[in-house]
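Predicted model follows, preceded by the sequence.
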Amino acid sequence: RLFLPPPSATVPDIPDRLEFSQRKAAATATEEPPTKEKEMLVEVEEGLENAAQDYLADLKQEINEALRDRNETSLVTILNHYGPRSEDAWLASLLMQALKDLLPGMFGAELGFLVTTMAYSEIRAVPVWHVLAEAAIEAALLETHPRAITEMAFGFAWVKWQQPDLFALLHVAFSSCLKTATEEQKNVFAWACTRAGQPATRMLGKPSFKVDMNTAGKLWDRLKSLPKSRKSEVQTLKKDPLPLLMMPEAVPMMHCDALIKLANDEKLWVESSELTSKHLDCDLFVSSRSSSTAVLAWHDSNPSVKAVRSWAAHILDVPENFIEPLQLVRYTDGQHIGAHMDWNDERDPDLWVFGQRMATMLVYLSTMPEGSGGETSFGRLGVSVQPQKGTALVWPNVDETGKPERRTIHSARHVEGDKVKYAMNIWVHGQKQPDNSWIKWHRSTPGAGEYSLPSVSFPEVVEHGGSQTGGWKYADHKAFMERLKLHKHTPTRGFFEHLYHEMPQISSVEIIDHVHWLADYMYHLAQKQWNLDTFIDEKEQAKPISSSVPVCQQLTHQVEEDDLDEAFRPFGDLTSLHLPLDRMTGFAKGYCMLEYRTHAEALAALSAMNGSKLKGKPIEVDWLCKEPQTGRDARSRSPHKNAK
Ligand SMILES: O=C(O)CCC(=O)C(=O)O
Ligand SMILES: [Fe+2]
């Protein structure tokens, strides 16, 4: 049952009412006793009043029902009826009255929903927005529940998206209410706005990218002292420029197995490719991970989860609530994770409520025998670790002052063969993590999608609440990207014309907006890539004790890539060949790095080619990194680099 306006014949329109009130005024101005005319007018007036009261009551009931059921269609229909006709003062005043009556009893979440819906509607009557903005301030000040704040923030962001002109009003309202809001309210609000693709940085500023200095300093002290205080359990893989510790047999086998079983039984695994490359298979989105992930967000009461969390907190001497939900990773043949840092990007909305990831404890849940890949490799530290079930690696992600540290860059090398690699990330923040009952931790958790923009419904939306699709519905975004690709990534006139016909539901203004968003997004990606690229040299120098990377030395300076390709290709699938050139002369520097898909191929090439001649000169072929040292230091498994 939808509230429908009364048939126009019975709507008392304004001229009639004006005429009526003039006549009434004239009639009551005289001091004379009631005339017939006057009696009749009073009757009509009462009739009109009653009718108005009836309409108002109906309208309020309809709005309330739509709010209660979160029925967008119904609410938009009601609002639109008043929107285009809001020039009609009587109808507009009815809506205003209805809102004024209802707003004090509304919760922030309902208000947020109302704001959002109004953004879709054609309502342009500024007084209505004034009423709403005022109510929003009041509600926001009273609200403490993050969920309500979040809904309001999404409404707010959505208005900016749909109706920038009306956004200004809400902006004023929220700016003033944020002055008295608690830090937590403000952070949640900012988190939701950013997630909805409207960071509103001028109003909200930026979240802190760093960890509090004292907290970071304390963690560093702890990491430095652990190898001394727990000599038998903790080894130092690296001291400088940051402590990288290894704890063999840290997590009992029983827990390793139980955690994997938990993720399997509850079907928590999500393929990374599902989150990124597969859904956004445009050249612009390059997935750097191919593993699967399982987040144990709702399993704190599981005995193994409990045990691991309290152990981790104890080792690092931090409160347990600094630890985010455990995250398992699974790699099968050919899967890997590209070079990355674990800390959050400066634009990550999560910084608002979770803060930065201060430290990582990486626990291997399965053993990868030599030759089956899966090593964790720290390019800038020159360390590579072979996964051993139960072993934990520990390192800070920030420096001693709390600033995210780029030298923590690391990758998980491709798994080769049938053996499945399992690992677990225990990420420790520099602050208390919020109660996870209201946050969308992950798309596969209960309640996921609740906070995505109203028109972007779970599970259509890609991860990051639509920020990777610019807040668009995934299907629309995909159509947009595909069309753009056909136009060679150039938004030409033809591109807009095509889209205009293909997506009648989307206005051209929104399409142009999306192009702008995309440009911004690409810039951001490029910047990120650039950051990673600057480490490429170091990464290459410090390739892990690899089972498939021979390095070839003593080459003549005249040797070219083609010569090497010809000589080394016969031994197998040569996946990479890197011949560094002298920047001054343009000739080969004298060494080259080769990578085969398998250890066997690399071994064959190494045995056959070491000592053979290339362009008349004997060459030396060896592994890029030597096997771990034996002897006194053997247990540290710290690799040393071969080639200088
Ligand atoms: O599996 C590994 O060895 C590393 C995993 C990792 O770096 C991550 O998930 O962030
Ligand atoms: Fe990582």
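Perfect, thanks for sending it. Ligands and ions are numbered 1, 2, ... in the order given.

Every contact and neighbour count from this point should use C-alpha atoms.
Fine.

all helices for the stretch 301-450 of the chain, in order.
Listed in chain order, the helices of the stretch 301-450 of the chain (DSSP state H, counting those that start in this stretch) span residues 303-316, 351-354.

same for the longest one, what does it pack against?
Counting contacts by 3 or more Cα pairs under 8 Å, 6 or more residues apart in numbering; DSSP states H and E, helix 303-316 packs against helix 213-229, helix 253-265.

re the thing from before, mean pLDDT for the helices of the stretch 301-450 of the chain: which is lowest?
Per-stretch mean pLDDT for the helices of the stretch 301-450 of the chain is lowest at helix 351-354 (a mean of 88).

Could you tell me the end-to-end distance of stretch 100-109?
17 Å (Cα to Cα, to the nearest Å).

nope, stretch 320-329 is what I meant
21 Å.

what residues does the chain put near ligand 1?
342, 376, 411-412, 423 (Cα under 6 Å from any ligand atom).

repeat that with 8 Å
For the chain, the residues in contact with ligand 1 (Cα under 8 Å from any ligand atom) are 327-331, 336-337, 340-342, 362, 364, 374-377, 387, 410-413, 421-425.

ok, back up a step: may I see the helices and strands packed on helix 303-316 arranged in a markdown table, with mean pLDDT and mean neighbour count as well?
Output for those, formatted as a markdown table (pLDDT from 0 to 100; neighbours: other Cα atoms under 10 Å):
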| stretch | mean pLDDT | mean neighbour count |
| --- | --- | --- |
| helix 213-229 | 97 | 17 |
| helix 253-265 | 97 | 16 |
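
Can I get those in JSON lines including distance to residue 71?
Listed next are those as JSON lines, based on distance: least, Cα to Cα, whole Å:
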{"stretch": "helix 213-229", "distance to residue 71": "46"}
{"stretch": "helix 253-265", "distance to residue 71": "36"}
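
Of all the ones you listed, which one is nearest residue 242?
Closest to residue 242 of those is helix 213-229 (Cα to Cα; 8.7 Å).

for that closest one, packing partners?
helix 303-316, strand 392-396.

Determine the angle, from 0 to 180 degrees, between the shortest one and helix 213-229.
What it means is strand 392-396. Interaxial angle, strand 392-396 versus helix 213-229 (axes from the mean of the first three to the mean of the last three Cα atoms, to 10 degrees): 140 degrees.

pLDDT averaged over strand 392-396, what's the number?
Averaged over strand 392-396, pLDDT sits at 98.

Give the other helices and strands that it contacts.
Against strand 392-396 (3+ Cα pairs under 8 Å, 6+ apart) you get helix 213-229, strand 244-247, strand 357-364.

Run through who's touching it.
For strand 392-396, contacts defined as Cα atoms under 8 Å, 6 or more residues apart in numbering pick out 219-220, 223, 242-251, 358-364, 408.

which of those residues are buried?
Buried by 16 or more other Cα atoms under 10 Å: 219-220, 223, 242-248, 250-251, 358-364, 408, out of the contacts of strand 392-396.

Can you list the low-confidence ranges for the stretch 251-400 of the chain?
Scanning the stretch 251-400 of the chain for pLDDT under 70 picks out 272-289, 339, 347.

Run a quick neighbour tally on residue 307.
Neighbours of residue 307 under the rule other Cα atoms under 10 Å: 14.

and the gap between it and residue 314?
Distance from residue 307 to residue 314, by Cα to Cα: 11 Å.

With residue 241 instead?
Separation of residue 241 from residue 314 (Cα to Cα) stands at 24 Å.

Kindly report the same for residue 378.
Separation of residue 378 from residue 314 (Cα to Cα) stands at 25 Å.

more crowded one of those two?
Taking other Cα under 10 Å, residue 378 and residue 314 do not tie; residue 378 has more neighbours (24 against 12).

Disregarding flanking residues, what is the spatial nearest neighbour of the more buried one?
Leaving aside its sequence neighbours, residue 378 sits nearest to residue 410 (Cα to Cα, 6 or more residues apart in numbering; 4.3 Å).

beta partners of the one you found?
On the basis of DSSP bridges, residue 410 is bridged to residue 340.

avg pLDDT for the helix or strand where residue 202 lies?
Assigning secondary structure by DSSP states H and E places residue 202 in helix 201-204. Computed over helix 201-204, the mean pLDDT rounds to 77.
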